[in-house]
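[1] sequence and predicted structure below; questions after.
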Amino acid sequence: MVKTLRLHNTGKLYAAITIALALLLSGIPQTTETMVIDSKLKRRSGLPVLGLNQIISYQNSPNLPVTLNSSTPFRIVHIGDSHIQAGFLTGEVRRLLAHFYCDSAVSMGYVFPYNLAGTNSPGDYTFKSDNNWVFKKILASEEPIKTGLSGIVMESSDTNPSLSVSLKNQKLGNKSFDELTVLIDNSTAAFTVNTEGVDSEIISKDKKHIKLRFRNTVSEATLQFKGEGKLSLSGLILENSASKIVYHAAGLNGADVKSHLQAGELANQLALINPQIVIVSLGTNDAYHPLFNAKTFIAMLDSLIVNMKRAIPQSTILLTTPGDHLVSRKQPNPNLLIAKEAIINTAIKNSCCVWDFHSLMGGEGSIKMWNTMGLTAPDLLHLNAKGYQLQGELLFEALTNNI
């Protein structure tokens, strides 16, 4: 029998969630150096009774919970919209997974020069370049463009451009890397890449990527590209070869399901990474659009999942439902429950898994309660850093619990 979630007693639900949030927040220091979800707090909050914080599987033998393998790292890819781009949620999941599995060699995974594109970036890293770059996004594109996980591609026609990346923010884990993959489009050009001041060697390459290995682990690197024509990059992958878990994250402000269908290199990059789990956190912008159409949304989401499963047939695809929010800070979004039901039905149809964050928040209208608890942004559409941190802790728990 398929296991689904149904919410009935809203008053009891709100009370239980409020107690849970209060207890959890009382244990969250600003530095987030300790885990705050434990069995005692959950018993007192009533969350186990509600049975909300769990992943529902419609796949036979999913790659869950997260389990370590001595020979290869456990790889997770998490794609989405602005809730993911900021990196608060995914950074907390990465940190807690590393702590839980005693992984001292924390890998950043996928990174993109959001700061060079003039938009917000996760606090874990930064990029520098003195060259001219043009950035193209999948948003509003009617034709596929050669973007990958992040939905952005950067291009430069400068002669021998360079790009520097530096890891930072020790509070989120002491990250370093000795392997760097350049996600490049060399189908119409032939660029080579060298690292300035650091010994490295190419260990694999094709028209879509160049992978370098460093002699020692580093926290920063400068890449020097040589070639003719236009250089096209869609991100880097930074890995520590000693990592037990690699949690890749890529989001794009304003992204929806339709726009991700225009990411021409998404399937190729997923196949290159070959993750055990792909987490898809989309639907907020779809449901927020005034011309939202349920049938169109279902058809596009189904196409996206089918494309992913074709590229990575052995991976588990985990769909998350959008968090509760208000339209123009005033009224509940009537499309949100429709989108939520569509996501769950798509998971059932395509043998995926679901993490129902909307229900975990408290269902329709619960964004007001989260706002009262100091966990939301002023727009009542996004969470703030502390709210995303809590969401990350809950997702971490769901990923490591038996389903």
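    Alright, I've got the coordinates. Numbers count the residues shown, from 1 in each chain.
[2] pull out the buried positions in the helix or strand hosting Asp286.
    According to DSSP states H and E, Asp286 maps onto helix 284-288. Buried residues in helix 284-288, counted by 16 or more other Cβ atoms under 10 Å: 284-288. Every residue, glycine included, has its C-beta placed from N, CA and C.
[3] shaky segments in the stretch 1-150 of the chain?
    1-51 (pLDDT under 70).
[4] switch the buried residues of helix 284-288 over to TSV; also include distance to Lys175 and pLDDT.
    Below are the buried residues of helix 284-288 laid out as TSV (distance: Cβ to Cβ, whole Å; pLDDT from 0 to 100):
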residue	distance to Lys175	pLDDT
Thr284	28	97
Asn285	30	97
Asp286	33	97
Ala287	34	97
Tyr288	33	96
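[5] quick check, nearest of the residues you listed to Ala267?
    Nearest to Ala267, judged by Cβ to Cβ, of those is Asp286 at 20.4 Å.
[6] which strands or helices does the helix holding Asp286 pack on?
    helix 336-349 (3 or more Cβ pairs under 8 Å, 6 or more residues apart in numbering; DSSP states H and E).
[7] mind running it again at 10 Å?
    For helix 284-288, the contact count by 3 or more Cβ pairs under 10 Å, 6 or more residues apart in numbering; DSSP states H and E identifies helix 82-85, helix 257-260, helix 294-311, helix 336-349 as packing neighbours.
[8] possible to save those as a markdown table with mean neighbour count and distance to Val165?
    Shown next, in a markdown table, are these (neighbours: other Cβ atoms under 10 Å; distance: least, Cβ to Cβ, whole Å):
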| stretch | mean neighbour count | distance to Val165 |
| --- | --- | --- |
| helix 82-85 | 24 | 17 |
| helix 257-260 | 24 | 24 |
| helix 294-311 | 17 | 26 |
| helix 336-349 | 20 | 34 |
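[9] switch the ones you listed over to JSON lines; also include distance to Leu375.
    JSON lines is the format used below for these (distance: least, Cβ to Cβ, whole Å):
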{"stretch": "helix 82-85", "distance to Leu375": "13"}
{"stretch": "helix 257-260", "distance to Leu375": "26"}
{"stretch": "helix 294-311", "distance to Leu375": "27"}
{"stretch": "helix 336-349", "distance to Leu375": "18"}
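[10] mind checking which of these is nearest Met108?
    Of the helices and strands packed on helix 284-288, nearest to Met108 by Cβ to Cβ is helix 82-85, at 14.5 Å.
[11] after the closest one comes which helix or strand?
    Sequence-wise, the next helix or strand downstream of helix 82-85 (DSSP H and E) is helix 88-100.
[12] pull out the buried positions in that next one.
    Those would be 88-99, for helix 88-100 by 16+ other Cβ under 10 Å.
[13] quick revisit: who wins for proximity to Lys244 among the helices and strands packed on helix 284-288?
    When these are compared (using Cβ to Cβ), the closest one is helix 82-85, at 22.5 Å.
[14] run through who's touching that closest one.
    The contact list for helix 82-85 (Cβ atoms under 10 Å, 6 or more residues apart in numbering) reads 78, 89-90, 112, 114, 119-122, 150-152, 249-255, 279-282, 284-285, 320, 322-323, 357, 381-383, 388, 391.
[15] gap between it and the chain center?
    7 Å (Cα atoms, centre = their mean, to the nearest Å).
[16] with stretch 370-385 instead?
    20 Å.
[17] who touches the closest residue to Leu381 other than its chain neighbours in this structure?
    Among residues not flanking Leu381 along the chain, His325 sits closest, at 4.4 Å (Cβ to Cβ, 6 or more residues apart in numbering). Residues near His325 by Cβ under 10 Å, 6+ apart: 284, 287-288, 332-333, 336, 358, 361, 366-367, 370, 376-377, 379-383.
[18] could you do Asn174 as well?
    So Asn174 contacts 98, 104-106, 167, 219 (Cβ under 10 Å, 6+ apart).
[19] keep only those of the residues you listed that are in helices.
    In helices, judged by DSSP state H, the following of the contacts of Asn174 are found: Ala98.
[20] quick one: which of the contacts of Asn174 has the most company?
    Val106 (26 neighbours; other Cβ atoms under 10 Å).
[21] am I right that that residue is in contact with Leu96?
    No: between Val106 and Leu96 there is no contact under Cβ atoms under 10 Å: 11.2 Å.
[22] give me the element His78 is part of.
    Using DSSP H and E, His78 falls in strand 74-80.
[23] and the helices in this protein?
    So, for the chain - with DSSP H - the helices run 10-26, 39-45, 47-50, 82-85, 88-100, 257-260, 266-273, 284-288, 294-311, 336-349, 357-361, 366-372, 385-400.
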